[in-house]
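1. Just the structure for this:
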Amino acid sequence: MLGVVAEAILTPTETAVLWGLHHPYWLGAIAISLVVFLQLSISIVGQLLRHSLQWLGKSPFFLGRWLLTQTSLTSTDAQQDQQLVIILARLESLQQEQASLLAELQAALRGANE
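-> Presented below is the predicted three-dimensional model:
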C-alpha cells in the first residue's frame, strides 16, 4: 500500500533513480551501453564532418577539372572531325588512283594478248 502511494507522489525521474538503485546490474549495463552509443555517435559525426569538409575543399578542383575536360573535348571533337575529313579525302584520291592503275593494267594486259 505504501508503494502505491509513493509511486503516485514521485516524479518519473525519481522513479527511474529508485529503479536504478534497486537494480544496480541493469543500471551498469545501461550506463555502459549509453557511453558506447555516445562514443560511436560522436565518432560517426566527426568522420562525416571531416569527409564533408574535405569534399568542400576539393570541390573547386573537381569543378575546374570537369570544365577543362568539357572545353578540351569540344576542341578535340573539332580536331577529330577535321582529321576525318582529311582521311576521307586521302582515301578518295587513293581510290581514284587505284581505279586508274587498274585501267592501265587492263590496257597493258589486252595489248600483251593481241
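2. What is the least confident helix or strand in the chain?
-> helix 2-9 (a mean of 62; mean pLDDT, DSSP states H and E).
3. and the helix of greatest length in the chain, what does it pack onto?
-> Assignment by DSSP state H gives helix 24-113 as the longest helix of the chain. In terms of contacts (3 or more C-beta pairs under 8 Å, 6 or more residues apart in numbering; DSSP states H and E), helix 24-113 is packed against helix 12-22. The C-beta positions use only the backbone N, C-alpha and C, and glycine is treated the same way.
4. If you count contacts, what does the helix it packs on end up packed against?
-> helix 24-113.
5. Could you check the angle the helix it packs on makes with helix 12-22?
-> Taking axes from the mean of the first three to the mean of the last three C-alpha atoms, to 10 degrees, helix 24-113 and helix 12-22 form an angle of 100 degrees between their directions.
6. gap between helix 24-113 and the chain center?
-> Here helix 24-113 is found 13 Å from its chain centre; the criterion is C-alpha atoms, centre = their mean, to the nearest Å.
7. do the same with stretch 106-114
-> 70 Å.
8. residue ranges with poor pLDDT in this protein?
-> Residue ranges of the chain with pLDDT under 70: 1-8, 72-76, 114.
9. and with 50 instead?
-> 1-2 (pLDDT under 50).
10. Using CSV, write out the CA atom coordinates for stretch 65-85.
-> The C-alpha trace of stretch 65-85 is given here as CSV (Å, rounded to 0.1, in the frame of the first residue of the first chain):
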residue,chain,number,x,y,z
ARG,A,65,38.9,19.7,-63.9
TRP,A,66,35.4,18.9,-65.3
LEU,A,67,35.3,22.3,-67.1
LEU,A,68,38.7,21.8,-68.6
THR,A,69,37.7,18.3,-69.9
GLN,A,70,34.5,19.7,-71.3
THR,A,71,36.3,22.5,-73.2
SER,A,72,39.1,20.3,-74.4
LEU,A,73,36.5,17.7,-75.5
THR,A,74,34.8,20.2,-77.8
SER,A,75,38.1,21.3,-79.3
THR,A,76,39.2,17.6,-79.6
ASP,A,77,35.9,16.8,-81.3
ALA,A,78,36.5,19.6,-83.9
GLN,A,79,40.1,18.3,-84.4
GLN,A,80,38.8,14.8,-84.9
ASP,A,81,36.2,15.9,-87.4
GLN,A,82,38.9,17.8,-89.3
GLN,A,83,41.1,14.7,-89.3
LEU,A,84,38.3,12.5,-90.5
VAL,A,85,37.7,14.9,-93.4
